[in-house]
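Asker: build me a model from this:
(chains A, B, C and D)
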2 protein chains.
Amino acid sequence: MKQDLRIIKTQESLRHALLSLLKSKPLESITIAELCRLAKINRGTFYLHYRDVHGVFKHYLEVIVEDLRQSYKEPYYKTNFIIKNIEADMIKIFHHVKKYQDFYKIIFDEKMPITYYYLLFDTVRSFMKETVNKEIQETESDIKIDYLISYQTNAILGILIEWHREGYRTSIDELNQQLIAIISINSPFKK
Amino acid sequence: MKQDLRIIKTQESLRHALLSLLKSKPLESITIAELCRLAKINRGTFYLHYRDVHGVFKHYLEVIVEDLRQSYKEPYYKTNFIIKNIEADMIKIFHHVKKYQDFYKIIFDEKMPITYYYLLFDTVRSFMKETVNKEIQETESDIKIDYLISYQTNAILGILIEWHREGYRTSIDELNQQLIAIISINSPFKK
DNA sequence: GATTTTATTGTACATCTGTCTAATAAAAAT
DNA sequence: ATTTTTATTAGACAGATGTACAATAAAATC
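Answerer: Residues are numbered from 1 along each chain as shown, chains lettered A, B, ... in the order given. You can find the predicted model right below:
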């Protein structure tokens, strides 16, 4: 049996309508009723597919999350996982955010559920876990690796939060250099 | 002119009702109507004071945020701002979170607006900014201090996220040691 | 204590939410 | 091409939301 065409049509219709509405109003003000009217979908049908408007929005995030993953990976491959050899132009994560800036503005919005933040967190974290394992785990046995990884992961996201709040005014090149500088002097607590 | 007693009574009534409801159901499932019924407040009156249920909840956070601030400060004063002299038992932030665990479980819940997270972020960040200024700002002039601070601040919060997701199972003492260990080896990128 | 100010109430309204049902239409399976 | 399966629709329901207004009650002010 194959995927029912009606389902695809309905979901695409809703996603398209959402994108259209997002051009003129914030996500949190978009109602299910409004979305369905624009998509010409019966409101009852909506609930057969999604629980709320966020459900539709999450569809778009799949693409972004995959691109984030690829962008975050980049310097690891470029340096052959010897990350101390990193150079500013190997960093791709800020390009990625800039590319999807409109979405990141939504994701980091005060009203958004923290789920979206966790989605970014988990994406970066899962890759960091794979790589850090190889370097640290055996040498630093007194550290619970999961805490170290969450610490490191969230530190990176801290830069994205700062960039967002600052209105994405800092250039990508500048940020790349900043990141290099920060991770090289890090931490301020070091002896 | 003094603060109107009726206003105080109304707000206290709503806050009390919220706390009562939180014992049996999650915040996101509590409606304004339900809250008002329990508080014996006319629903129209609610809107004279708050926009939504979160508005009532935020009242409680003021206390928590102040305590967080004090707890985060502690080791700075204990070490006389020479933070490399920190010892595990000087750290008070995990005590703080444990103390308000019930609230932190709500704050870090997936459905919660990221506003609450930003509130924690800003609390820690503002203090970190005051202190880091003194140490770093002059020595590391190629670094935009705001990015460094957001990086560091969010790293700390990363540990709280990890603790939350792990169900607050790790003991406070263990976490104190972990934090010391992490900030001493940090970063994995160091040369 | 009388007067003035204002917070609260009761009521109403249009809209949204989440759920359910029987009827219909559109797809898949044969 | 016909049958079977199932997604969608229309309609209805109780409850929630956000706003508005005149009436009332409870404070503050004098």
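
Asker: what's the neighbour count on residue A:108?
Answerer: Neighbour count of residue A:108, defined by other Cβ atoms under 10 Å in any protein chain shown: 20. C-beta coordinates here come from the backbone N, C-alpha and C atoms, glycine included.

Asker: cool, and the one 5 residues further on?
Answerer: Using other Cβ under 10 Å, the number of residues around residue A:113 comes to 18.

Asker: then residue A:156?
Answerer: If we define neighbours as other Cβ under 10 Å, then residue A:156 has 22 of them.

Asker: which one is it nearest to, not counting chain neighbours?
Answerer: Closest residue to residue A:156 apart from its sequence neighbours, by Cβ to Cβ, 6 or more residues apart in numbering or on different chains: residue A:124 at 6.1 Å.

Asker: could you give the angle of the strand or helix carrying that neighbour to helix B:115-135?
Answerer: Assigned by DSSP states H and E, residue A:124 belongs to helix A:115-135. For helix A:115-135 against helix B:115-135, the angle by axes from the mean of the first three to the mean of the last three Cα atoms, to 10 degrees is 50 degrees.

Asker: show me what helix A:115-135 is packed up against.
Answerer: Helix A:115-135 makes packing contacts with helix A:53-78, helix A:101-107, helix A:145-165 when contacts are defined by 3 or more Cβ pairs under 8 Å, 6 or more residues apart in numbering or on different chains; DSSP states H and E.

Asker: now with 6 Å, please.
Answerer: helix A:53-78, helix A:145-165 (3 or more Cβ pairs under 6 Å, 6 or more residues apart in numbering or on different chains; DSSP states H and E).

Asker: list the buried residues in the worst-scoring helix or strand of chain A on mean pLDDT.
Answerer: Taking mean pLDDT, DSSP states H and E as the measure, the helix or strand of chain A with the lowest value is helix A:115-135, at a mean of 90. Neighbour counts using 16 or more other Cβ atoms under 10 Å in any protein chain shown place A:115-121, A:123-125, A:127-129, A:132 of helix A:115-135 among the buried residues.

Asker: cool, and stretch A:25-39?
Answerer: A:27, A:30, A:32, A:35-36, A:38-39.

Asker: stretch A:17-24 now?
Answerer: Buried residues in stretch A:17-24, counting neighbours by 16+ other Cβ under 10 Å, are found at A:17-18, A:21-22.

Asker: then stretch A:152-168?
Answerer: Buried residues in stretch A:152-168, counting neighbours by 16+ other Cβ under 10 Å, are found at A:152-164, A:168.

Asker: what's that stretch in contact with?
Answerer: With contacts defined as Cβ atoms under 6 Å, 6 or more residues apart in numbering or on different chains, stretch A:152-168 is touched by A:101, A:108, A:124-125, A:128, B:147, B:150-151, B:154-155, B:157-158.

Asker: can I get that stretch as CSV, trimmed to CA atoms?
Answerer: Extracted as CSV, the C-alpha positions of stretch A:152-168 are listed here (Å, rounded to 0.1, in the frame of the first residue of the first chain):
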residue,chain,number,x,y,z
GLN,A,152,30.0,22.7,25.4
THR,A,153,27.0,22.4,23.2
ASN,A,154,25.1,25.0,25.1
ALA,A,155,28.1,27.3,25.0
ILE,A,156,28.0,27.3,21.2
LEU,A,157,24.2,28.0,21.3
GLY,A,158,24.9,30.9,23.6
ILE,A,159,26.7,32.6,20.8
LEU,A,160,23.6,32.1,18.6
ILE,A,161,21.4,33.6,21.3
GLU,A,162,23.7,36.6,21.5
TRP,A,163,23.7,37.0,17.7
HIS,A,164,19.9,36.8,17.7
ARG,A,165,19.4,39.3,20.4
GLU,A,166,21.8,41.7,18.8
GLY,A,167,19.7,41.5,15.6
TYR,A,168,22.2,39.5,13.5
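
Asker: thinking again about what came up before, I'd like the helices and strands packed on helix A:115-135 as a markdown table, with distance to residue B:84 and mean pLDDT appended.
Answerer: What follows is those, written out as a markdown table (distance: least, Cβ to Cβ, whole Å; pLDDT from 0 to 100):
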| stretch | distance to residue B:84 | mean pLDDT |
| --- | --- | --- |
| helix A:53-78 | 30 | 94 |
| helix A:145-165 | 18 | 97 |
